[in-house]
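Chemist: quick one: sequence plus predicted model below, questions after.
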Amino acid sequence: MEPLHPCPCCGYFTFTAAPPYTLQFCEICFWEDGGEQSLSSLRYAQRNFLTLGACDPVFRHDVRLPDVSDRRVEQWQPLDTLKLPAQPLCNPLPQHLTALFEVVESHSTKQM
Ligand SMILES: [Zn+2]
């Protein structure tokens, strides 16, 4: 089985290819790993995920709940908790965020 990669929105390992720009949908939060991502859209999506279980209210009925087999980034925190300064649209995601995912990836690869 291919190692999975964490979804930037919910932190669960749902992507079969490493974000960003894979155009995959997360089955847990319905985040689309699209080409036009920004911190503000990710922040909005995470707030929706935390309150509604989906990255956008229109996808509320398309998502599934995480179950015991779903792994999640251990130190996952929403952007709001990370207290990043407000930033204009930026693409790709800041280095320290992608670095976080790389660390997680190396851990998950070791487990395989
Ligand atoms: Zn997700």
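Modeler: All right, it came through fine.

Chemist: so who does L4 touch?
Modeler: 13-16, 71, 108 (C-beta atoms under 8 Å, 6 or more residues apart in numbering). C-beta coordinates here come from the backbone N, C-alpha and C atoms, glycine included.

Chemist: typo on my end, L65
Modeler: 28, 53.

Chemist: which bits of the chain sit near the ion?
Modeler: Within the chain, the positions adjacent to the ion are 7, 9-10, 26, 28-29, 31 by C-beta under 5 Å from the ion.

Chemist: what's the closest non-adjacent residue to F30?
Modeler: The shortest distance from F30 to any non-neighbouring residue, by C-beta to C-beta, 6 or more residues apart in numbering, is to F59 (3.8 Å).

Chemist: buried ones among the contacts of L4?
Modeler: Among these, those classed as buried by neighbour count (16 or more other C-beta atoms under 10 Å) are 13-15, 71, 108.

Chemist: dump those residues into JSON lines; add pLDDT as well.
Modeler: Below are those laid out as JSON lines (pLDDT from 0 to 100):
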{"residue": "F13", "pLDDT": "95"}
{"residue": "T14", "pLDDT": "95"}
{"residue": "F15", "pLDDT": "94"}
{"residue": "R71", "pLDDT": "93"}
{"residue": "S108", "pLDDT": "53"}
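
Chemist: including secondary structure, could the residues you listed go into CSV?
Modeler: Below are the buried ones among the contacts of L4 laid out as CSV (DSSP: H, G, I helix; E, B strand; the rest coil):
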residue, secondary structure
F13, strand
T14, strand
F15, strand
R71, coil
S108, helix
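
Chemist: nice, that's everything, thank you.
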